[in-house]
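> I need the structure of the sequence given here:
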Amino acid sequence: MVEINGAAPMTIPSCPLCTNASPQIFFERRGVPVHQNLACASVEEARLVPSVALALMKATPAKCTEGFQVRDYLCVEDVASAIVAVAQSKFEGGVNVGSGEPVTVRPIVQLLGEIWGRTDLIAFGAIKTNPVDLPFVLADVRRLRNEIGWRPSSSREEALHRTVRWWKENQTFCSLAGPS
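Residues are numbered from 1 along each chain as shown. Have a look, this model is predicted:
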């Protein structure tokens, strides 16, 4: 539970399926605009990690672009931790929540395939890259690190291993929401 400026306490969910909208709602309710790119935070087909995880879980091809886009990924637990750190700080104004570390999409997908033991199902180039998709997205986390003092607690690899473990433990629930 987090209480900000006397506002009603709010629970930040720990379920990777719920967190995609929660940081945005959390901050918007407090008048702070949010833009996010969360790796393990949604079951939406359009999200990279869920779409690959659901395909591999069903033993179907994980259709991807060539994977040359660069993104800033952060696991759900670290997103929640950063939100709590911002909420409990005396910081005022906008702050980006992210890792601040650029990573090409392709190695993320490759690692997911390795963790699942199904690299044979990764289909790079099966989806055409959207021409309006930004090739490089990276959060400027200087305020988060320097003014609030927050840093991620997990490496990207640890986070992906935990995420795959979560997907495996919740296969029945996930299969209801994923691509068919």
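> Count the residues that sit near Ala80.
Per other C-beta atoms under 10 Å, the neighbour tally for Ala80 reads 19. Every C-beta, even on glycine, is put in place using the N, C-alpha and C of the backbone.
> hang on, I meant Val95
23.
> Contacts only, for it.
Counting by C-beta atoms under 8 Å, 6 or more residues apart in numbering, Val95 touches 32, 86, 143-144, 147-148.
> Tabulate these (JSON lines), appending secondary structure and pLDDT.
As requested, the contacts of Val95 are exported to JSON lines (DSSP: H, G, I helix; E, B strand; the rest coil; pLDDT from 0 to 100):
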{"residue": "Val32", "secondary structure": "coil", "pLDDT": "49"}
{"residue": "Val86", "secondary structure": "helix", "pLDDT": "93"}
{"residue": "Arg143", "secondary structure": "helix", "pLDDT": "94"}
{"residue": "Leu144", "secondary structure": "helix", "pLDDT": "95"}
{"residue": "Glu147", "secondary structure": "helix", "pLDDT": "95"}
{"residue": "Ile148", "secondary structure": "coil", "pLDDT": "96"}
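> and the gap between the closest residue to Ala123 other than its chain neighbours and Asn96?
Of all residues not flanking Ala123 in the chain, Pro61 sits nearest, at 4.4 Å (C-beta to C-beta, 6 or more residues apart in numbering). According to C-beta to C-beta, to the nearest Å, Pro61 stands 34 Å off from Asn96.
> Also Asp133?
20 Å.
> Repeat that for Thr163.
Distance from Thr163 to Asn96, by C-beta to C-beta: 22 Å.
> higher neighbour count, those two?
Comparing Thr163 with Asn96 by other C-beta under 10 Å, the one with more neighbours is Thr163, at 22 against 17.
> from what I can see the more buried one touches Pro50, true?
No: applying C-beta atoms under 8 Å as the test, Thr163 and Pro50 come out as separate, 9.2 Å apart.
> mind listing the strands for this protein?
Remark: strands assigned in the chain by DSSP state E are 62-63, 70-72, 102-104, 122-123.
> Highest mean neighbour count out of the ones you listed?
Most buried of the strands of the chain, by mean neighbour count (mean count of other C-beta atoms under 10 Å): strand 62-63, with a mean of 20.
> and Ala139, how many residues sit next to it?
Using other C-beta under 10 Å, Ala139 has 21 neighbouring residues.
> how about Leu56, what does it touch?
62, 112-113, 116, 118, 121.
> Please convert the residues you listed to CSV, extending it with distance to Lys128 and pLDDT.
Output for these, formatted as CSV (distance: C-beta to C-beta, whole Å; pLDDT from 0 to 100):
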residue, distance to Lys128, pLDDT
Ala62, 16, 96
Leu112, 21, 94
Gly113, 20, 96
Trp116, 24, 93
Arg118, 23, 96
Leu121, 19, 98
